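Peer 1: Fold the following, please.
(one chain, ligands or ions: 1)
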Amino acid sequence: MQYFFILGRIKELSTAELLKFVQFQGGPSTPRVSGPRGQSFEVKEISEKFIILETDKKIDLSFWQKQLGGIVKCGEVIKETQEFLEEEVKEILLNKIKKGKIFFGLSFYSLTRKVPFNEIKDYSTSLKKGFKKQGLSVSFVLPKEKPFLSTATIIKNKLLEKGVELVFLIEKDKILIGQTQAIQSIEEEATLDFLRPHHEIKEGLIPPKLAKILINLASVRKEEVILDPFCGSGTILGQAFLMGYQYLIGSDKSQKAISQTKENMVWLKERFKREAKIEIFQSDVKEVWQRLPPSSVSAIIAEPFLGPLQIQDRKFFSNIIENLSDLYLQAFESFKKVLKPGGRVVIIFPIFSAYGGSAKGGKIKTGVLPILEKISSLGWKKEKLSANNRGSLIYSRPGQKVLREIFVFSS
Ligand SMILES: C[S@@+](CC[C@H](N)C(=O)[O-])C[C@H]1O[C@@H](n2cnc3c(N)ncnc32)[C@H](O)[C@@H]1O
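Peer 2: Down below sits the predicted model:
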């Protein structure tokens, strides 16, 4: 069986997350969180827009979709073909009739050429005409600006419940046709972002999808202990809770942050009717090791303080970089004491783009925390997550002055 996964906005991040997730599911010694133990996967293809996996047993795609922060939609590959033969597509759609009606939407992810909107419209209309001639009841939804349907459009039209989305993955020498089975939930994101009692915009909230990605990069089992020692209002802990993690610890030096996280976690437990063992306490990161048994934590996942959001002059920046470097190094000393041997730290560093140039430009070095060698001399091993010179993954939004640099270290 082949499955497709459509990558989110930051491809490198989505790819790294999915590959880690797959490795974790498929590893022979890792108890599985879904499906049979030790399922083997073959990564058939990694491209700019999608990843194709092959496996001999069925994947629980709705579970996978809920776990993954960087995947927009996923589904099963139904057919491999060479051209857009209407008869082939009609046959697929005829097999998917729900309640006597054909209701479809087409999405195109092309690696070779831009698929113009008119082409999708003409193709959909022509399919409709063909079905009508056969006396069938048929309707379709069209994408808006892009050649593929957005999750919002799919949800609004209840396309997956009432009909089918066919996805055309266009490569140089072939076309894969897939059927979408699960999509990213906008509702859950919104719930976490806006409805929970506290979300401190001032402190720079980590996007919930990014929190999921960080958690997956840690590759920990649901019954292992996760610590966020800069928990803020608890986004990472909240996501880990929703993903099914059972032992969560959060700390922060701010009492206000602690009260907010506590309230948010109580709210999440009630809202989603789930239980987990959650411990939240106030502590500076330097002392957090005094509050926890040695070697008791499997993963530390954190977005520490990234500096003030207001950008000022050059001198101001050197001070910030120096102060943050100290904070991070002290944090790593503390982490060493609480983390199990082989445990992981998934952590965000700031990149000051306004100071050092754009993330894509060559001047980026000046705006990053210059502490990687120090961290390695403390005995940490850094995983190579990308081909850039620091081995990091970068998360940014257009116009952002402080970018996020993601690292995974193991003890
Ligand atoms: C960027 S926020 C974390 C946001 C959090 N990940 C969230 O999305 O809710 C950084 C947090 O680090 C905390 N902090 C800053 N310095 C600290 C230190 N030395 N020890 C512990 N916490 C600290 C701040 O109080 C703040 O809540």
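Peer 1: Can you pull the poorly scored residue ranges out of this structure?
Peer 2: Within the chain, the segments meeting pLDDT under 70 span 26-38, 187-196, 198-204, 309-315, 354-366.
Peer 1: domains of it?
Peer 2: The domain map for the chain lists 2-184, 187-410, with the assignment taken from automatic domain parsing.
Peer 1: List, one by one, the residues from the protein near the ligand.
Peer 2: Contacts of the chain with the ligand, taken as CB under 6 Å from any ligand atom, map to 203-206, 230, 232-236, 252-254, 257, 284-285, 303-306, 327. (Glycine included, C-beta is placed from N, CA and C.)
Peer 1: redo that, cut-off 8 Å
Peer 2: 199-200, 203-206, 211, 228-236, 251-254, 256-257, 261, 283-286, 288, 302-306, 327, 330-331 (CB under 8 Å from any ligand atom).
Peer 1: re earlier: can you redo the domains of the chain as a markdown table with mean neighbour count?
Peer 2: Formatted as a markdown table, those follow (neighbours: other CB atoms under 10 Å):
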| stretch | mean neighbour count |
| --- | --- |
| domain 2-184 | 17 |
| domain 187-410 | 18 |
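Peer 1: what's the helix or strand that contains Ser325 in contact with?
Peer 2: According to DSSP states H and E, Ser325 maps onto helix 314-338. Helix 314-338 has contacts (CB atoms under 8 Å, 6 or more residues apart in numbering) with 227, 229, 285-289, 292-297, 300, 302, 304-308, 345, 347, 349-350, 352, 355, 367, 369-371, 374-375, 378-380, 409, 411.
Peer 1: show me the contacts for Lys162.
Peer 2: Taking CB under 8 Å, 6+ apart, one finds 98-99, 101, 103 in contact with Lys162.
Peer 1: Among these, which one lies nearest to Lys222?
Peer 2: Nearest to Lys222 among these, counting by CB to CB, is Lys98 at 34.4 Å.
Peer 1: Tell me who's in contact with that closest one.
Peer 2: Listed by CB under 8 Å, 6+ apart, the contact set of Lys98 reads 162-164.
Peer 1: In helices, which of those residues appear?
Peer 2: Applying DSSP state H to those, the entries found in helices are Lys162.
Peer 1: So for the protein, the centremost residue is which one?
Peer 2: The residue lying closest to the centre of the chain (CA atoms, centre = their mean) is Gly69, at 2.3 Å.
Peer 1: can you give me phi and psi for whichever residue of the stretch 151-300 of the chain sits closest to the ligand?
Peer 2: Ranked by CB to the nearest ligand atom, the top residue of the stretch 151-300 of the chain for proximity to the ligand is Gly232, at 2.6 Å. Main-chain torsions, Gly232, degrees, to the nearest 10: phi 50, psi -130.
Peer 1: I'd say it and Ala257 touch.
Peer 2: Yes. Contact criterion CB atoms under 8 Å: Gly232 and Ala257 qualify, at 5.3 Å.
Peer 1: Sitting in helices, which of the residues of the chain next to the ligand do you find?
Peer 2: 211, 235-236, 256-257, 261, 327, 330-331.
Peer 1: Pull the residues that contact stretch 170-179.
Peer 2: Residues outside stretch 170-179 that contact it (CB under 8 Å, 6+ apart): 2-4, 45, 47, 52, 75-84, 88-89, 92, 96, 108-113, 115, 164-169.
Peer 1: if you set the cut-off to 6 Å instead, what comes out?
Peer 2: 4, 75-81, 110-112, 164, 167-169 (CB atoms under 6 Å, 6 or more residues apart in numbering).
Peer 1: what's the most distant pair in those?
Peer 2: The largest separation in the contacts of stretch 170-179, counting by CB to CB, is between Thr112 and Val164 at 24.6 Å.
Peer 1: Can you classify Gly379 by secondary structure?
Peer 2: Here Gly379 is coil, with the state taken from DSSP: H, G, I helix; E, B strand; the rest coil.
Peer 1: Leu217 versus that one, what's the distance?
Peer 2: Between Gly379 and Leu217 the computed distance is 20 Å (CB to CB, to the nearest Å).
Peer 1: And for Ser126?
Peer 2: Distance, Ser126 to Leu217, using CB to CB: 44 Å.
Peer 1: Quick check: the residue nearest to the centre of the chain vs the ligand, distance?
Peer 2: 13 Å (CB to the nearest ligand atom, to the nearest Å).
Peer 1: surely that residue meets Leu214?
Peer 2: No. Look at Gly69 against Leu214 with CB atoms under 6 Å: they stay out of range, at 8.2 Å.
Peer 1: Secondary structure class of the residue nearest to Ser185 when sequence neighbours are not counted, three-state.
Peer 2: On the basis of CB to CB, 6 or more residues apart in numbering, the spatially nearest residue to Ser185 that is not a chain neighbour turns out to be Lys66, at 7.1 Å. Three-state assignment for Lys66 (three-state DSSP): helix.
Peer 1: Checking the closest residue to Lys49 other than its chain neighbours next. Helix, strand or coil?
Peer 2: Distances taken as CB to CB, 6+ apart put Tyr109 closest to Lys49, at 4.6 Å, once the chain neighbours are dropped. Using three-state DSSP, the structure places Tyr109 in strand.
Peer 1: Tyr109 pairs with what?
Peer 2: Beta-bridge partners recorded for Tyr109 (DSSP bridges): Leu169.
Peer 1: I'd like to know how far it sits from Ile6.
Peer 2: From Tyr109 across to Ile6, the span is 7 Å (CB to CB).
Peer 1: can you list residues touching both of these two?
Peer 2: Shared contacts of Tyr109 and Ile6 (CB under 6 Å, 6+ apart): Phe50.
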